[in-house]
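Asker: Sharing a sequence plus its predicted fold:
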Amino acid sequence: MALQTTRGVQELDTPSSVPLPASQCRTVADLERTLALLSKQEDAITDRLNALLEMQEDLNRSLSRIDLLRAHLGTQVVAARSLSNEMLSPTSNTASRVSSAVRALDIEQARVKATLEVVEQVVELKACVLGVTGSMGAPQDWETAAAYLHRASKVPGEILEGKFAEEMVPTAEVPDPPKVTLHNAAESLCGLFLREFEKAAGRNPPDGEKITRFFKLFPLIGRAETGLDIYGKYVCTGISSRARAVLASKPESGAAGAGAFFYANAITRLFEHIAGIVEQHSPLVERHYGKGKMGRVIARVQREADLQGGIILDAWGEERQVDRRITETKSYAFTFLVQSFLPNARNQGVPGRTASPAAGAAGGGQMAQGESEGADIKEVDMLLLEIGAMLSRWSLYCRFMARKFQESEALSTTTTAPPPLCIPSVLSTSSLSTKISSRLLSPFLTLTTFFIRRTVETAFQLDEPPPDLLPLPLFHPTSHHTYSPPPSPFITSAVDDVMFIVNKLLHRSLHTSQKQLVVGVLSTVSRVLGSDFIGVIQRRMRDECYPRPAAQTTTIIVGNPAATLAQSMANVVDDRSVTFMVLVNNLDVAAEYCKRIVNSYLTAAASSSEQASGGSGGWVEPQQQAAYGDDSAPPTPLDILFPFPSEYPEVFAALKTLESAFTQKASEVTSDAVLTLFNQLIKAKLRPLITEAFRDVDYSTTATTATIINTKPAPSSGAPDTDDDLVKSRFELGFASLIHPFKYILTDAPFTKLLAHTATYLSRLLEKKIIQLGGGLTSSNYPSNPSSSLSDAIGGGGGQISELGAIRLDRDVSGLINVVVKAGRYGVRESFARCVQICLVLGADEEEVGGLYGGSGEGGGAGDDSAMGIDWKLSVDERRRIRGMVVKR
């Protein structure tokens, strides 16, 4: 209502709604407008008054109810005041007095309890003081005195230093304050325990019982750090004496077995001794000194390990003359490898032992001179084996210490998840770790680079051809003859030699459990295999044995052109080609060996991983023990060798990179070499082979069977095939003579690639030959490029193939395809898809012809329709032209 009233007033106050005074009206219109405005204002005021009058009754009723409620409320207020004054007020006063009394009683009781506790603690303190002084007197009961000091250490400091204790505890026998008395007793006992501990440790042999007795007493008198320090000193003395004894036991430089693995065994014994101490004494230290207190002893022991390990490494480096050998390996020129990449370094024929004494005095002298210069590869091999053994033991020692610290952290935390395994800072920052990195890791990488390159060089110097390869088995030009498969791949000895060393190096480097070293070794091996190993083979392929087409020296067999052709095909392979194919096999087999070597480490069974990495924290892991100094030991699972976070994935990726990089490069070179074999030796032989297979064959006759003109084989040929299989028998005789030498020499993968190239090119020739037989081509317009368009090759003349001829043609083409497929894998049949579809179109019945063109209409692209449910390789236009080659009835 108030809102409406306000709005009405605002409407009346607007300038347009204010009427002009009558004195200001000049015209009748002004008077009428003023009158209208006044009438509107009157109506608005009347409406507001009426609304107020209508609300008056409701307001009156509400006021009446409020008056009634006020009357009742007054009555209740009077009653409440009466209840409060008469009943609640006395009760409240009584409760307040009772609670005050109870609080006062609680305060008194708490004060009494506190006083009793102080008194009891003072009594306990006095008993401890008297017990300490009494035990240190005539009885000299050191365990009891230490126990009293331990009890006194539990008394709060404010009581120990309080005035009440200073007045009540001292006696005539012990007049000093309790704090002074206990401190003097602890110092006296500490000195006594130190003297007794050193006296027991200085005996020969040390008195272990007394050492343990006094070692347990240090934490009771509040001198735990002193006890741990003196124990660490005692342990370090034993470690030092043991290490000196091991070094002193080194045999003379002329004795049997002197120096082979002496320093590796010495550092192994050092780590084993330390690990045994930690393993055996940790329970004693943790039981008497508390959880995690063994870390202080380990830190002290590690400093002694740094000293003794450094002495061993320095003596090893000086005796083995490591610096001189590294200088020799860095200065080695690799003369043979460098000369192998020069274009004038040619060696015709099958690779043999080019530098062996049997190859001539010059070659043998050259190799002997090369071997006498620089580092000896056998000495480098032994040095790498010794470094690998020391690194392996250092890694095992680090894993042992890491697991000990992990167990200690797990006991000191409340979380259920175990903390991550990591190398303790006491090891990672130790001087021994730095010395191992500079004296072992860096030389290992340098010597490994020399070792793998020198191995590749020596392998190619002593390279021998595969046994029983030359001369090749004689091939008789008969259609039923096949080569028996060789017992093993034809490869030279360099592949086995190099891959054996690669496996040895990977085994050694992985069992060092040093991630950075392993990644570096894998990178070096990958680089050397890709550049030196593959590079030498590639250079020999290009410069020494690049295949050349064989000279046409075939003896003509009178009356048997097929036998003459077969003999011509068999003369394709010469000594240069055989050498080239052996080198192709080298790359393929080397890639396969590399895959097997890498997969043997990636898929190593982890059957004993629980025993190796379990909670026992044992020092010797079975796999590591088996691999120590034994390159033929089975590979250890990578997750055991590299248990620290992020190490296993990086090593796994480095191994996969080695495999993929080498196999990819070897595959690329192999593919290029196979294509060279095809272009140089096979491609030119395929066109005469197709021509001879279809010689004098006529598919246009309408007789019951296709007439073969002048095709009876000579009796001297001994061919058992019938006339129906003559095309197949001719082709099989020549194709077997051509392809079987390659199948006999090449391994499976290169031969499959070679057969794929052959099938692809042969399918194009066969396709052109079918069109020629159908009248689309003649000998004069036969295209030199078999990949030219089929639509351009098909002529527009009449058909040349009858319905019976189409059936015979389909059988002959299928026979040719079966011959090619029989030489290799079934997948090569896909190369002849267009030829098969051409025969299908030629042999279709009249009622099936309409279904040949469905889907795309004129000019459809190849494979763009599925007429008759076939994935066509021929376009619709090609199908129409091919169908036009059939002789009309």
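Answerer: It's in.

Asker: What mean pLDDT does the helix or strand encompassing Ile534 get?
Answerer: With elements taken from DSSP states H and E, the one containing Ile534 is helix 534-543. Mean pLDDT, computed over helix 534-543, is 92.

Asker: packing partners for it?
Answerer: Applying 3 or more CB pairs under 8 Å, 6 or more residues apart in numbering; DSSP states H and E, one finds that helix 534-543 contacts helix 335-340, helix 575-602, helix 647-677. Backbone N, C-alpha and C define where each C-beta goes, glycine included.

Asker: ranking those by burial, who's on top?
Answerer: helix 575-602 (a mean of 22; mean count of other CB atoms under 10 Å).

Asker: For stretch 30-39, which residues meet the burial criterion?
Answerer: Buried residues in stretch 30-39, counted by 16 or more other CB atoms under 10 Å: Thr34, Leu37.

Asker: which residues make contact with it from outside it?
Answerer: The set of residues external to stretch 30-39 that reach it, using CB atoms under 8 Å, 6 or more residues apart in numbering, is Ser17, Val18, Pro19, Leu20, Ala22, Gln24, Cys25.

Asker: Buried among the residues you listed? Make that a PyMOL selection.
Answerer: Burial among these is assessed by 16+ other CB under 10 Å; the matching PyMOL selection reads:
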select buried, resi 19+25
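
Asker: Ser100 is nearest to which of the helices and strands packed on helix 534-543?
Answerer: Closest approach to Ser100 among the helices and strands packed on helix 534-543 (CB to CB): helix 647-677, 72.8 Å.

Asker: thinking again about what came up before, could you dump the contacts of stretch 30-39 into JSON lines with pLDDT and distance to Ser513 added?
Answerer: Listed next are those as JSON lines, based on pLDDT from 0 to 100; distance: CB to CB, whole Å:
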{"residue": "Ser17", "pLDDT": "63", "distance to Ser513": "100"}
{"residue": "Val18", "pLDDT": "72", "distance to Ser513": "103"}
{"residue": "Pro19", "pLDDT": "75", "distance to Ser513": "108"}
{"residue": "Leu20", "pLDDT": "76", "distance to Ser513": "110"}
{"residue": "Ala22", "pLDDT": "73", "distance to Ser513": "116"}
{"residue": "Gln24", "pLDDT": "80", "distance to Ser513": "113"}
{"residue": "Cys25", "pLDDT": "81", "distance to Ser513": "115"}
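
Asker: returning to what we had before: tell me how far the helix holding Ile534 lies from the chain's centre.
Answerer: 32 Å (CA atoms, centre = their mean, to the nearest Å).

Asker: gap between the spatially most central residue of the chain and Glu659?
Answerer: Nearest to the geometric centre of the chain sits Phe652, at 3.0 Å (CA atoms, centre = their mean). The gap separating Phe652 from Glu659 is 11 Å, by CB to CB, to the nearest Å.

Asker: Glu341 reaches Arg539, doesn't it?
Answerer: One thing to correct before we go on: residue 341 is Phe, not Glu. Yes. Using CB atoms under 8 Å, Phe341 is in contact with Arg539, at 5.6 Å.

Asker: hmm, back to that, so who does the residue nearest to the centre of the chain touch?
Answerer: Counting by CB under 8 Å, 6+ apart, Phe652 has contacts Leu602, Leu638.

Asker: The one 3 residues further on too?
Answerer: Under the criterion of CB under 8 Å, 6+ apart, the contact list for Leu655 reads Leu522, Val598, Tyr601, Leu602.

Asker: okay, now Ala402: neighbour count?
Answerer: Look at Ala402: counted by other CB atoms under 10 Å, it has 19 neighbours.

Asker: What strand or helix carries it?
Answerer: Using DSSP H and E, Ala402 sits in helix 377-412.

Asker: And stretch 532-548, what's buried?
Answerer: Buried residues in stretch 532-548, counting neighbours by 16+ other CB under 10 Å, are found at 532-538, 540-541, 543-545, 547.

Asker: Stretch 163-178 now?
Answerer: Under the neighbour-count criterion of 16+ other CB under 10 Å, stretch 163-178 has Ala165, Glu166, Val169, Pro170, Val174, Pro177, Pro178 buried.

Asker: what do you get for stretch 318-336?
Answerer: Residues Arg320, Val322, Arg325, Ile326, Glu328, Thr329, Tyr332, Phe334, Phe336 are the ones in stretch 318-336 that count as buried (16+ other CB under 10 Å).

Asker: and the first one, what is it in contact with?
Answerer: Taking CB under 8 Å, 6+ apart, we find Arg320 in contact with Tyr263, Leu383, Glu386.

Asker: from the chain's centre, how far out does the helix or strand harbouring Ala110 sit?
Answerer: Using DSSP H and E, Ala110 maps to helix 89-135. Per CA atoms, centre = their mean, the displacement of helix 89-135 from the mean C-alpha position of its chain is 70 Å.

Asker: what do you get for stretch 239-246?
Answerer: 42 Å.

Asker: List the buried residues of that stretch.
Answerer: For stretch 239-246, burial by neighbour count (16+ other CB under 10 Å) applies to Ile239, Arg242, Ala243, Val246.
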